[in-house]
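Participant: here's my sequence, what's the structure:
(chains A, B, C and D)
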2 protein chains.
Amino acid sequence: MRIGELAERTGTSRRLLRYYEEQGLIVADRGPNGYRDYDEPSVDRVIQVRGLLDAGLPTRIIKQILPCLDKPRTIYFPDATPEMIATLEAERDRMTRRAECLLRNRDAIAEYLDAVREYDGVRSGS
Amino acid sequence: MRIGELAERTGTSRRLLRYYEEQGLIVADRGPNGYRDYDEPSVDRVIQVRGLLDAGLPTRIIKQILPCLDKPRTIYFPDATPEMIATLEAERDRMTRRAECLLRNRDAIAEYLDAVREYDGVRSGS
DNA sequence: TCGAACCCTCACATTGATGTGAAGGTCCAC
DNA sequence: GTGGACCTTCACATCAATGTGAGGGTTCGA
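Facilitator: Below you'll find the predicted structure:
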C-alpha cells in the first residue's frame, strides 16, 4: 500500500510517516517510481510506534526497543550488548514508574469525577 | 524556602520552577526583596507536576486537573463546568490507554530481558 | 568592604514531534 | 492530452519543555 492509505488506516499524517522512517522506526520499500510501498504489518507497527510515542518515549529509545518487541518470538540476540541491556532495564523501570504515576493520578481524577457526579445527583434529586 | 533549595529537593532546575510558576502550576510568595518563598507542600506539588509532565500531560492540562488532585479532600467545585468535566473524563481515558500501552510494552521488554538472561545463563553454564 | 553565592528578569537557543507549503514527478480517468 | 489526486524532497514554521547567559540586585561571612 502507499503512504496515503497507511496514513488513513493509522490515523497518522504522511509527514509523520516519513519522519518515523527517517528516524528508523519503520521501513518502506520503494516502487520503480520512488513511491513508498508498505506491507500489511506496517499498520500495526505504526500503531505501536504511536502508542509508545504517546506513552512518552522518545524516538531514540523506541528505535532501540522495537527490535525486541517484534511478534515472532524469535528473540533475536543481534547485539544484546551490556549497554543495550542496561538501557532496556532502565527503560522498563522508567515505564513502570511512569505507569504508576499515570494510574495514581488517573484514579484521583476518577475519584473527583465520582464525587462531582454524586454531588450533582444529590443536588438535582433522583 | 528559596528557589535553590526547592530545586535541589525536587531535582528540578530553577529555570523550570520559574517556568512552572509562569504556567500557573505552582505558586510562590515573595519576600520583601523579590525572592520567591516556598512552603513545605511545594515540594510534593513540584514532584507531582513533574510526574504528570513525565507521564506525558501538557502543562495546559495539568493546570486544569491539579485543583482536583489537592490532598485535603475538600473537593472544590469551583467551576465544574460541563466542559471541565468532559476534559477530565477524556483525560482520564487517555491516561488509562496510555498506561495500558506503557505496561504492555514494558512487559514485552521484561519478557525479552528474561529470555536474554536465561540464554546467558545457559550459555555460560551454572 | 569585598567576594561568593544566592536571587531577579529578559531573551535568545535548542530539541523533539509536528504542521505546512513550495516545486515538481506520476498515474489514471475522462 | 489534460486535470486531479496521488507521490517525491526540501525547507522553513511552530509548540512545549528546557538550557543558557547577560545584566543586575541581595545577603552574608571573612
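Participant: who's in contact with A:Val27?
Facilitator: A:Glu21 (C-beta atoms under 8 Å, 6 or more residues apart in numbering or on different chains). The way it works is simple: take the backbone N, C-alpha and C, and place the C-beta from them, glycine included.
Participant: so how far is the lowest-mean-pLDDT helix or strand in chain A from its chain's centroid?
Facilitator: Sorting the helices and strands of chain A by mean pLDDT, DSSP states H and E puts helix A:82-124 at the bottom, at a mean of 83. Relative to the centre of its chain, helix A:82-124 is centred 17 Å away, using C-alpha atoms, centre = their mean, to the nearest Å.
Participant: quick one, what contacts the closest residue to A:Gln23 other than its chain neighbours?
Facilitator: Residue nearest to A:Gln23 in three dimensions, not counting chain neighbours: A:Thr59, with 4.4 Å by C-beta to C-beta, 6 or more residues apart in numbering or on different chains. Contacts of A:Thr59 were listed using C-beta under 8 Å, 6+ apart, and they are A:Tyr20, A:Gln23, A:Leu25, A:Leu53.
Participant: farthest pair in these?
Facilitator: A:Gln23 and A:Leu53 (10.2 Å; C-beta to C-beta).
Participant: okay, those two: which has more neighbours?
Facilitator: A:Leu53 (17 against 14; other C-beta atoms under 10 Å in any protein chain shown).
Participant: next SSE downstream of the helix or strand harbouring the more buried one?
Facilitator: Taking DSSP states H and E as the criterion, A:Leu53 maps to helix A:41-54. Using DSSP H and E, the helix or strand that follows helix A:41-54 in sequence is helix A:59-65.
Participant: so is that next one next to DNA strand C?
Facilitator: Yes: legend: contact between helix A:59-65 and DNA strand C by C-beta under 7 Å from any atom of the strand is shown at A:Thr59, A:Arg60.
Participant: what's the mean pLDDT across that helix?
Facilitator: For helix A:59-65, the mean pLDDT works out to 89.
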